[in-house]
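>>> Could you look at this predicted model? Sequence included:
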Amino acid sequence: MTASTLAFIGCGNMGSAILSGLLDSTRSESQSAKITRFIVSTKSASSAEKLRSTYAADSTRVDIAPGQNLRAMQEANIVMLACKPFLAEEILSEEGVAEALVGKFVISVMAGKTPEEIMSFIYKNKALPTDTEKPVIVRAMPNVAASIGKSVTIIEGNPALSAERAAILSWAFEQIGTVKYVASNLVDAGSIISGASMALVSVALDGILDGAVIEGYRRGEALEISAQVLEGMAGLLREGVHPAVLRENISSPRGCTIQGLFTLEKKGVRGTFAEAVVNGTKHLRGEKVGG
């Protein structure tokens, strides 16, 4: 596939994280990169102005304008749907969108919206085109660590994806971290693990920092130590050390670690985290979440 133009429809926290990662990783090889031009359509003029300031160093490669969804889709080879999920139907059912997306490659990073739903928005009140004219839609869920090249992106397998498009899809998200392809029925849970678990873990980290401050540490010092601990833990997990084994190895008889773990178990913390993942997944599927 020749060098492509990628359009961002919406560029909030997730979209800007992806754009930042792609720009940083391709800056030194902008002429040989698979994607050489970026078009960004924002919802408001203030958002566009803020992004222009952020990406001023890359102004020759990035075209940013408010309310230019249709133009962006018309001019791009690849379209990334990075808008808020509740805005998708309004944006994709606009006049001219179906024609602009004929045969194109659409990547959705909108949580909870399936390719079938997205296709129904595009062809709302319109006859479905032939398979060769339909856009090919793929779901991908990175996380905000994309901005520093440390994301993990969950991508839904799609048999309609050509080898060329699969290559550029993998390449794009490998510029911002690692890639994991999963079956359709695992995308929602994978999205929670990839996109939301960082927020869930931050709750535990905040509690640890509070405890450290109570015991006399400055929060910044405690955060520095905790960041290194998390980095070390990640390394051990990548080596195949199971969390339960890790806990057992750290816990000694009558020790402080087992006291801390006992406190968490009494409070049902592990089950609460599991429930958070399950409830988040149910929400993405549109299922009722219990109280």
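It's in.

>>> From Lys34, how far out is Lys180?
20 Å (C-beta to C-beta, to the nearest Å). (Each C-beta comes from the backbone N, C-alpha and C, glycine too.)

>>> residue ranges of the strands in the stretch 151-291 of the chain, please?
151-156, 177-182 (DSSP state E, counting those that start in this stretch).

>>> Cys256 is nearest to which of these?
The closest of the strands of the stretch 151-291 of the chain to Cys256 is strand 151-156. By C-beta to C-beta, the value is 32.3 Å.

>>> Direction included, what does that closest one pair against?
Strands that pair with strand 151-156, judged by DSSP bridges, come out as strand 136-141 (antiparallel), strand 177-182 (parallel).

>>> Return the first one as PDB; C-alpha atoms alone will do.
As requested, C-alpha coordinates have been extracted for strand 136-141 and formatted as PDB (Å, rounded to 0.1, in the frame of the first residue of the first chain):
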ATOM      1  CA  VAL A 136     -14.200  -2.200   5.800                       C
ATOM      2  CA  ILE A 137     -14.600  -1.400   9.500                       C
ATOM      3  CA  VAL A 138     -12.300  -2.700  12.200                       C
ATOM      4  CA  ARG A 139     -12.500  -2.000  16.000                       C
ATOM      5  CA  ALA A 140      -9.200  -1.200  17.800                       C
ATOM      6  CA  MET A 141      -8.900  -0.200  21.400                       C
END
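
>>> From the chain's centre, how far out is that strand? Work that out for me.
How far strand 136-141 lies from its chain's middle: 11 Å, per C-alpha atoms, centre = their mean, to the nearest Å.

>>> And for stretch 171-185?
10 Å.

>>> for it, which positions count as buried?
Within stretch 171-185, the residues that qualify as buried are 171-173, 175-177, 179, 181-182, counting by 16 or more other C-beta atoms under 10 Å.

>>> ditto for stretch 199-209
So for stretch 199-209, counting by 16+ other C-beta under 10 Å, buried means 205, 209.

>>> Touching that stretch from outside, list them.
219, 222-223, 226, 230, 269, 273, 276-277 (C-beta atoms under 8 Å, 6 or more residues apart in numbering).

>>> Give me the buried entries from the residues you listed.
222, 273, 276.

>>> so what's the second one closest to, chain neighbours aside?
Yep, that's Phe273 we're talking about. Leaving aside its chain neighbours, Phe273 sits nearest to Leu200 (6.3 Å; criterion: C-beta to C-beta, 6 or more residues apart in numbering).

>>> Which helix runs longest in the protein?
Longest helix of the chain, by residue count under DSSP state H: helix 219-238.

>>> other SSEs contacting it?
Packing partners of helix 219-238 (3 or more C-beta pairs under 8 Å, 6 or more residues apart in numbering; DSSP states H and E): helix 197-214, helix 243-250.

>>> Give the buried residues for the last one.
To tie it back to what came earlier, the one meant is helix 243-250. In helix 243-250, counting by 16+ other C-beta under 10 Å, buried: nothing.

>>> coming back round to it: output the contacts of stretch 199-209 in JSON lines, with pLDDT and distance to Gly67 appended to each entry.
Formatted as JSON lines, those follow (pLDDT from 0 to 100; distance: C-beta to C-beta, whole Å):
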{"residue": "Arg219", "pLDDT": "97", "distance to Gly67": "42"}
{"residue": "Ala222", "pLDDT": "97", "distance to Gly67": "45"}
{"residue": "Leu223", "pLDDT": "97", "distance to Gly67": "40"}
{"residue": "Ser226", "pLDDT": "96", "distance to Gly67": "43"}
{"residue": "Leu230", "pLDDT": "95", "distance to Gly67": "41"}
{"residue": "Val269", "pLDDT": "95", "distance to Gly67": "46"}
{"residue": "Phe273", "pLDDT": "94", "distance to Gly67": "41"}
{"residue": "Ala276", "pLDDT": "94", "distance to Gly67": "37"}
{"residue": "Val277", "pLDDT": "94", "distance to Gly67": "37"}
